[in-house]
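S.K.: next input, structure requested:
(3 chains)
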Amino acid sequence: MSELLKVENLSVSFDTPQGTVHAVRDVSFSLRPGEVLAIVGESGCGKSVLCKSVMKLLPGTARVESGRIIADGRDITHLTEREMCRLRGKLFSMVFQDPMTSLNPTLPIGRQIEEAIQIHEPRIGRKALHDRVIELMELVGIEQAEERCKLYPYNFSGGMRQRSVMAIALAGNPKMLFADEPTTALDVTIQAQILDLLREIQQKLGTATILVSHDLGVVARAADRVAVMYAGKIVEIGTAEEIYYDPRHPYTWGLMQALPALAAERGELKAIPGMPPTLIDLPKGDAFACRNAWALAIDYEEEPPMFRISDTHYAATWLLDERAPKIPVPVGGKAYG
Amino acid sequence: MDEVLLDVQALSHRFRLTRHVYIQAIDQVSFTIRKGEIFGLVGESGSGKSTVARCVMNIYRPQSGKIFYKGIDVLDRNAFSENKKMLQTGRQMIFQDSASSLNQRMKVADLITEPFVIHRLKPKSGSLRAEAEAQLLRVGMDAGYLDRYPSELSGGQRQRVAIARALSMEPELLVADEPIASLDVSIQAQIINLFQQLQRENGFSFLFIAHDLSMVRYLCDRVGVMVQGKLVEVAPTAELFPAPMHPYTRALLSAIPIPDPRRERARKLCVFDGSGLGPGALRELAPGHFVYREEAAP
Amino acid sequence: MIQKNPFLYYGKKLLSFCLSVFVLSVLVFYIARLAPGDPLMSYYGERVEKMSVAEKEWARDKLGLNDPIYVQYVRWLQNAFRGDFGISFKYKQNVLTVIGARIGNTLLLGGTGFVLMFVLALGLGILCAWFEDRWPDRVICRLGTVISCIPEFWLSLMLIMVFAVMLRWLPSSGAYSIGKAHDVGDRIRHLILPLSIVVINHLWYYAYMIRNKLLEEVRADYVLLARSKGLNKRQILFRHCLRGILPSYFSIMAISVPHVLGGTYIIETVFSYPGIGTLSYESARFHDYNLLMILCMISGVVVIFCNILSQIINEQIDPRIKAQEVVETTEVKRA
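M.R.: Predicted coordinates:
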């Protein structure tokens, strides 16, 4: 079996007093065993909702409108909460943005890891359980695990807490790990360490990872493949090299040009004009059209399908249609490769 | 260009927690900002950079040190009250979270012109409303937003309103404490471009506080690096980024992510071991390039 | 890291306790004597009216009521330290004997009511949180709002009317039927109505509090992590969320002791239940100084003790409060 996770035409929406929010719209992608797929997009583009809907961690107001989620060869789209409980932690697990709040403040770290192990191995002996806790803590790079497993989250710094969260997430030997902005709340110097840890674990245990981030810089360090999301849709997906060195979607260009790290070398910071649309009433046609300097007339009429660029690289923009005018790509890795 | 606008000398501030326990938030920080200059202050959370900004704005009263704005000692009560109006209109501040720093119950028009009402100033455009409209146009928003409340705006628009409000007084010093940290990448770029454009048009000096080093590198003329309450390195941007001297600055700069997979994966991290923070002082190791050096106790 | 010296910590608490009790005793002593009314009424009853001025003066002298108040206070304090709290003017007995006969009843009513109330409130709160915004939650919340709006004396009267007068299932007043002082079943029957009032009246507030605090915890980020590692709803609620709210619940329990105590006093009066509630009412009305003093002191000591207890619970048990301390101390270490 080649794919660990396959999401087909998934649409998820929320009911709010203001109206129905179409958070994820017709998203399809797959995740192969042992790879790191990054999902990049601005806040509210649905990247976090996408992960949570695979794990069914969304609040009651959310519902899957259409589409299928196939994990490990099994259709999990309509599983009950009880069945999902059995899969969570074992098949997939998740790391969250803010390590300050994602650990229970009233339980020692070691106990929280033990709990995660016991869910899937209820008969595990005391000694074996303790050894496994220490092993996990060492795996995520917490030194002096023997003493530290008795400490409470408040004794830990942000980076250490994020490591503990990862130990908890890895306790059930999951095949997939969802990391939702795992470094956003951390200081710059800690960020890279956590990313390296993510990469290291993925190489050591072969855990496939979905890394959600808004930061193209962060993603470059860890991702094998990158998916760019805008207004609930994946607009471009490809290998990291393809996305960074040969981006095709105007939104990806915009994101790159807005990065100060590249702008400092070029001496120019180009912003994307306007704001992302609200996901309640979306404009007709391509949701990005009104912010797109290269928008074609058809963009305002009809949503572009996914155009194939290579076997791994796809983008949803009419610019890739045969009839579209050829325009020079404004960004591309060659210049800074 | 070389005239000094703000001169901070040996500023120290500590927060009292209990009777015997203090946090030394900033420790002997000295720097100057020249007229028309964009000065960036960077550091990780808890390094004391916000405290510096608040001391400069007379929000906190520092424990020791001096702050001169246009040669006026702003910490001296007499000097302050003599120049109160000039100090309060000439220095303006923008906060990270404009959702909470703008009064939720006031309309955009009233928010922008409130400084005029407070200082009993006559707006140049005649009426307050016309002034609000003019200021809003300057930050790239149209008059349609005048009667909105902050909660009806997006984060980027709220930050624009905060900027319009600050700039309505035509300040000579603008202090911005993490003004883009809570915004999306594409909106960050819009706000930074706006800052740059307004700064070119109005020529105010700008104290820009941030943790995003690439943004500081792009925007600022000179940069100060803070760690654990100490200012460890001050240098022109063009000198600091290629040749950092303090071990902490080196570690910090090595951690900036590069949006380029091949280079980013090859990048080696440099870990800060906590050295170079003992008692000492800033030394000018190259022209305009100051580095904190430990000194042996006498 | 700065470690607190436990002796110093508890010493300080003890000191503040003693100081509060002392201030309370002074206040009660003064206020009782400054209030208008004639204490001789309670000692001599109707006879006071027939007494001459000289006789009254003599009686006052005998009871020590003519001395300045501070002299009276010092005398009271000296005796109190010897364990002598004086005699009750009304009952002409040592006050401790008078109270001793009644306090058991109050402890039974208040104590059982208190425990029952908190167990029930916890249960109801958890139930509501589990069924958030579904019918069990809605029914319980509405019912609670309505019932807690009814004043307790009125509710007592209604219950007496229904269960004692109309249905004749339960006795309407007292602690036991005449001649059945040692019949446990009879005592329990007498306890049911006042106990129900104590519980019903205070229950809702605490149940609602538990519900809201639990729901606040359920929305916390760590619940997402707990769910993503495979815990089910029951495990998360009982192992994680409940753990987070119990320290503050305990501390609120401690603070609410006086609240419940005050309620008990009123209910005792309505049901003519021979506890210290009715006794306090009498003693205040008839200026039975010594009795009033000791009753106030007992209530006061309980209140102050419970407040300090809740402080200690808050400071010692809740890891989040410790967390703040650690943040502070680590930053200090850094500085």
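
S.K.: the strands in the stretch 51-200 of chain B, which residues?
M.R.: Along the stretch 51-200 of chain B, the segments classed as strands by DSSP state E, counting those that start in this stretch run B:64-69, B:72-73, B:91-94, B:173-177.

S.K.: looking at the ones you listed, which is nearest to A:Lys52?
M.R.: Nearest to A:Lys52 among the strands of the stretch 51-200 of chain B is strand B:173-177 (32.5 Å), distances taken as C-beta to C-beta. C-beta here means a position set from N, CA and C on the backbone, and glycine is covered the same way.

S.K.: how many residues are close by the residue nearest to C:Arg33 when sequence neighbours are not counted?
M.R.: If the residues on either side of it in the chain are set aside, C:Arg33 comes closest to C:Ile69, at 5.4 Å by C-beta to C-beta, 6 or more residues apart in numbering or on different chains. The tally of other residues near C:Ile69 (other C-beta atoms under 10 Å in any protein chain shown) stands at 14.

S.K.: C:Ile69 and C:Leu27: what is the separation?
M.R.: 12 Å (C-beta to C-beta, to the nearest Å).

S.K.: show me which residues of the stretch 101-250 of chain B sit near chain C.
M.R.: Taking C-beta under 8 Å from any C-beta of the partner chain as the test, the list of the stretch 101-250 of chain B residues beside chain C reads B:Gln228, B:Gly229.

S.K.: and the stretch 101-250 of chain B, which residues reach chain A?
M.R.: The stretch 101-250 of chain B comes close to chain A at residues B:154, B:156-157, B:184-190, B:192-193, B:211-215, B:217-219, as judged by C-beta under 8 Å from any C-beta.

S.K.: one more time with 7 Å, if that's ok
M.R.: Taking C-beta under 7 Å from any C-beta of the partner chain as the test, the list of the stretch 101-250 of chain B residues beside chain A reads B:154, B:156, B:184-186, B:189-190, B:192-193, B:211, B:213-215, B:217-218.

S.K.: next, give me the two most distant ones among those.
M.R.: Taking C-beta to C-beta, the two most distant members of those are B:Ser154 and B:Arg217; they sit 26.7 Å apart.

S.K.: which one's more surrounded, these two?
M.R.: B:Arg217 (22 against 15).

S.K.: looks to me like the more buried one is in a helix.
M.R.: Yes: the assignment for B:Arg217 (DSSP: H, G, I helix; E, B strand; the rest coil) places it in a helix.

S.K.: and which of the residues of the stretch 101-250 of chain B next to chain A is nearest C:Gln93?
M.R.: Scanning these for proximity to C:Gln93, where the rule is C-beta to C-beta, the winner is B:His211, at 75.8 Å.

S.K.: mind putting the strands of the stretch 51-200 of chain B in TSV, mean neighbour count included?
M.R.: Shown next, in TSV, are the strands of the stretch 51-200 of chain B (neighbours: other C-beta atoms under 10 Å in any protein chain shown):
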stretch	mean neighbour count
strand B:64-69	18
strand B:72-73	16
strand B:91-94	23
strand B:173-177	24
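
S.K.: make TSV out of these and add mean pLDDT.
M.R.: Converted to TSV, these look like this (pLDDT from 0 to 100):
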stretch	mean pLDDT
strand B:64-69	92
strand B:72-73	90
strand B:91-94	92
strand B:173-177	93
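
S.K.: number of residues surrounding the residue of the stretch 151-300 of chain A found nearest chain B?
M.R.: Per C-beta to the nearest C-beta, the residue of the stretch 151-300 of chain A with the smallest distance to chain B is A:Gly217, at 3.0 Å. Here the neighbour count serves as a burial measure; for A:Gly217 (other C-beta under 10 Å) it reads 21.

S.K.: which phi and psi does it have?
M.R.: The phi/psi pair for A:Gly217 (degrees, to the nearest 10) reads phi -70, psi -50.

S.K.: that one contacts B:Pro259, doesn't it?
M.R.: Yes: if you go by C-beta atoms under 7 Å, A:Gly217 and B:Pro259 touch, sitting 4.6 Å apart.

S.K.: joint contacts of those two?
M.R.: With contacts defined as C-beta atoms under 7 Å, 6 or more residues apart in numbering or on different chains, the residues adjacent to both A:Gly217 and B:Pro259 are A:Ala261.

S.K.: and the strands of the stretch 51-200 of chain B as TSV, adding distance to A:Ile168?
M.R.: As requested, those are exported to TSV (distance: least, C-beta to C-beta, whole Å):
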stretch	distance to A:Ile168
strand B:64-69	45
strand B:72-73	54
strand B:91-94	39
strand B:173-177	34
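
S.K.: out of those strands, nearest to A:Ile134?
M.R.: Evaluated with C-beta to C-beta, the strands of the stretch 51-200 of chain B place strand B:173-177 nearest to A:Ile134, the distance being 42.5 Å.

S.K.: which residues of the stretch 151-300 of chain C fall in strands?
M.R.: Secondary structure of the stretch 151-300 of chain C by DSSP E, counting those that start in this stretch: no strands are present.

S.K.: what does the stretch 51-200 of chain A have sitting close to chain B?
M.R.: When proximity is defined as C-beta under 7 Å from any C-beta, the stretch 51-200 of chain A approaches chain B at A:Asp187, A:Val188, A:Thr189, A:Gln191, A:Ala192, A:Gln193.

S.K.: quick one: secondary structure of the fifth one?
M.R.: It refers to A:Ala192. The three-state assignment at A:Ala192 reads helix, by three-state DSSP.

S.K.: quick one: it and B:Ala255 touch, right?
M.R.: Yes: applying C-beta under 7 Å as the test, A:Ala192 and B:Ala255 come out as touching, 5.2 Å apart.
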